[in-house]
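Asker: sequence unknown, structure follows:
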C-alpha cells in the first residue's frame, strides 16, 4: 500500500471518528474551550457546509424539493473531501509548513495534479509529483470533481427556493418522486443526460430564436459545467 493511499485511509477513519457521538462531543468541547463554539475548525469549512442541516423540508413550497436534502446529498462526498483535506494538512506538517497556510489541490486538463498556495514552487512541484503517482487519489478526486459541482448546484437551488418560494422547473425535472432515487450520483447522471440532450439539440436544425426556457437551461448547465472545470479541494481558504 502506497503512502498516499495510507494517508487517505487515515483521513477516512478520522472522518468516521468525527461523525461518531464521542467525536462530535469532543469537537464541541474543544470549540467551547477555545471560544470557537459554532465556528468551523481551520480548513474544514467545506466539510462543515456539507453537514450543515439546511433541510429543504423547511421550505414553504411543497413538491419534489421535499424529497432531497443537503445532508443526504453531502453524505456522498463528505468523506472524500475530508480525506483529501486531511492529506493536504499532513503534507504541510511533513514539510514544516505552518498548519494555517492556505493550499488547494487542482487537476489540469492533462490529468496532472497541481498545488496552489504560498509555498515554494519547487516544493509544490515535489508534492504534486508524489500525488500524481497515486491512482487512488486520482479516483477520489475525479469523483469529487464530478459530484461536488452538482452539490453546489443543488445547494444554490434549495436556498433560492427556500428564500423566494418559487420553483425552478429545470432543477425540479432532475428530481425523482422517490427520495431513494435522489442521491448525488443520481442527480449528476440526470444533469449529464440533460447536457447531452441539449448538445444534440444545438447540433440539430437551428431555430430562429431560442425560447426563454432554452436560454435558462443553457445558463444553468453552463454554470454547473464551469464549476467542474475549476474544481479544487482547499484548506484554510
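Answerer: Nice, thanks for sending it over. Note that the structure is a prediction, hence the values are computed from the model and not measured. Numbers count the residues shown, from 1 in each chain.
Asker: show me what the host helix or strand of residue 152 is packed up against.
Answerer: When elements are assigned from DSSP states H and E, residue 152 belongs to helix 135-164. Under the contact criterion of 3 or more C-beta pairs under 8 Å, 6 or more residues apart in numbering; DSSP states H and E, helix 135-164 touches helix 3-19, helix 70-74, helix 78-94, strand 103-107, strand 113-116, helix 169-173, helix 184-203, helix 212-229. C-beta here means a position set from N, CA and C on the backbone, and glycine is covered the same way.
Asker: okay, those in TSV with distance to residue 140 and mean neighbour count next?
Answerer: Shown next, in TSV, are the helices and strands packed on helix 135-164 (distance: least, C-beta to C-beta, whole Å; neighbours: other C-beta atoms under 10 Å):
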stretch	distance to residue 140	mean neighbour count
helix 3-19	7	16
helix 70-74	16	20
helix 78-94	5	20
strand 103-107	11	20
strand 113-116	12	17
helix 169-173	27	14
helix 184-203	14	15
helix 212-229	15	14
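Asker: any chance of those in a markdown table, plus distance to residue 146?
Answerer: Below are the helices and strands packed on helix 135-164 laid out as a markdown table (distance: least, C-beta to C-beta, whole Å):
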| stretch | distance to residue 146 |
| --- | --- |
| helix 3-19 | 18 |
| helix 70-74 | 13 |
| helix 78-94 | 11 |
| strand 103-107 | 12 |
| strand 113-116 | 16 |
| helix 169-173 | 18 |
| helix 184-203 | 6 |
| helix 212-229 | 7 |
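Asker: now the protein, which segments are flagged as low pLDDT?
Answerer: Low-confidence segments of the chain (pLDDT under 70): 1, 21-68, 200-229.
Asker: now do 50
Answerer: Applying pLDDT under 50 to the chain flags residues 30-62, 207-215.
Asker: wait, residue 133 sits on residue 2?
Answerer: Yes. The pair residue 133 / residue 2 is scored as a contact, 7.3 Å apart, by C-beta atoms under 8 Å.
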